[in-house]
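Novice: Structural data only, the sequence is not supplied:
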């Protein structure tokens, strides 16, 4: 049983304000490759961040929302979409997952039988297990480098918004058997070399907007109360 790398399903936007850009022409602008490497290094140096993603479809009034508090060795994530909700806690010693029946079955992938066993408790995996490593890789700061594109096929430009200089990276992600083609825009602060927001859209009009904030804030995650956990060995998925 492995949770998808991203719980949000294309089926954005939170308080993500549309940025108004003024293009800056500068012959001294860095190369795309150097910008991506610099941003990747800057993310890895941070000890924490908050990431809020909101997905809105033109064909549905339901909004999918995912909030992540990412630390260096711990993290906490919540996801909601209709009656499906899921909560993940990762500490240095264990990983915990709780949610509604719909969230456990459609997002985490457990069977309806196991979702009933879990109920309102938390499934628990010890540090070092495969599932722990999977969840840890999704909710810690190092996972945020996945927002960065490859150099090939990406366009870089420099802009000014509200007096702040930003890099804007734009690229297209090809469609797969499970996901549509995406047009992506990532905005990065030139001052901090850290992401500010990311927006992905499909040709059908579905939009996923992600806002990055609280870079450098320490993230402390506590384990669920004793007696509220279910060992992963008790479920069959």
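Specialist: Alright, I've got the coordinates. Note that the structure is predicted; figures quoted are calculated from it, not measured. Numbers count the residues shown, from 1 in each chain.

Novice: residues near residue 31, how many?
Specialist: For residue 31, the tally of surrounding residues (other C-beta atoms under 10 Å) stands at 10. Every C-beta, even on glycine, is put in place using the N, C-alpha and C of the backbone.

Novice: ok, now how distant is it from residue 38?
Specialist: Computed as C-beta to C-beta, to the nearest Å, the residue 31 to residue 38 distance reads 10 Å.

Novice: just residue 124 next, same as before
Specialist: Note on residue 124: its distance to residue 38, by C-beta to C-beta, is 38 Å.

Novice: and the two? which has more neighbours close in?
Specialist: Counting neighbours by other C-beta under 10 Å for residue 124 and for residue 38 shows that residue 124 has the greater number, 22 against 15.

Novice: any chance you could map the strands in the protein?
Specialist: Counting by DSSP state E, the segments of the chain that form strands are 22-23, 48-56, 63-71, 75-81, 84-90, 94-99, 122-126, 155-161, 164-173, 182-189, 195-201, 207-213, 229-231.

Novice: which one of these is the most hemmed in?
Specialist: Across the strands of the chain, averaging neighbours per residue (mean count of other C-beta atoms under 10 Å) puts strand 94-99 on top, at a mean of 24.

Novice: Give the other helices and strands that it contacts.
Specialist: Using 3 or more C-beta pairs under 8 Å, 6 or more residues apart in numbering; DSSP states H and E as the contact test, the elements touching strand 94-99 are strand 84-90, strand 122-126, helix 130-139.

Novice: In terms of secondary structure, what does the longest one contact?
Specialist: Under the contact definition 3+ C-beta pairs under 8 Å, 6+ apart, helix 130-139 sits against strand 75-81, strand 84-90, strand 94-99, strand 122-126.

Novice: Any stretches of this structure with poor pLDDT?
Specialist: Low-confidence regions of the chain, defined here as pLDDT under 70, cover residues 1-28, 236-237.

Novice: Try it again at 90.
Specialist: By pLDDT under 90, the weakly predicted segments of the chain are 1-30, 57-62, 106-110, 161-164, 175-180, 203-205, 226, 233-237.

Novice: coming back round to it: now distance to residue 135 too, for the strands of the chain, in JSON lines please.
Specialist: Rendered in JSON lines, the data for the strands of the chain read as follows (distance: least, C-beta to C-beta, whole Å):
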{"stretch": "strand 22-23", "distance to residue 135": "41"}
{"stretch": "strand 48-56", "distance to residue 135": "16"}
{"stretch": "strand 63-71", "distance to residue 135": "12"}
{"stretch": "strand 75-81", "distance to residue 135": "8"}
{"stretch": "strand 84-90", "distance to residue 135": "5"}
{"stretch": "strand 94-99", "distance to residue 135": "4"}
{"stretch": "strand 122-126", "distance to residue 135": "7"}
{"stretch": "strand 155-161", "distance to residue 135": "33"}
{"stretch": "strand 164-173", "distance to residue 135": "24"}
{"stretch": "strand 182-189", "distance to residue 135": "24"}
{"stretch": "strand 195-201", "distance to residue 135": "22"}
{"stretch": "strand 207-213", "distance to residue 135": "20"}
{"stretch": "strand 229-231", "distance to residue 135": "14"}
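
Novice: Relative to residue 115, which of these is closest?
Specialist: strand 94-99 (8.5 Å; C-beta to C-beta).

Novice: surely residue 72 meets residue 140?
Specialist: Yes - counting by C-beta atoms under 8 Å, residue 72 touches residue 140, with 6.4 Å between them.

Novice: More neighbours: these two, which one.
Specialist: residue 140 (19 against 16).

Novice: Look up the residues forming beta bridges with the closest residue to the more buried one other than its chain neighbours.
Specialist: Taking C-beta to C-beta, 6 or more residues apart in numbering as the measure, residue 140 lies nearest to residue 75, with 5.1 Å between them; neighbours along the chain are not counted. Under the criterion DSSP bridges, residue 75 forms beta bridges with residue 70, residue 90.
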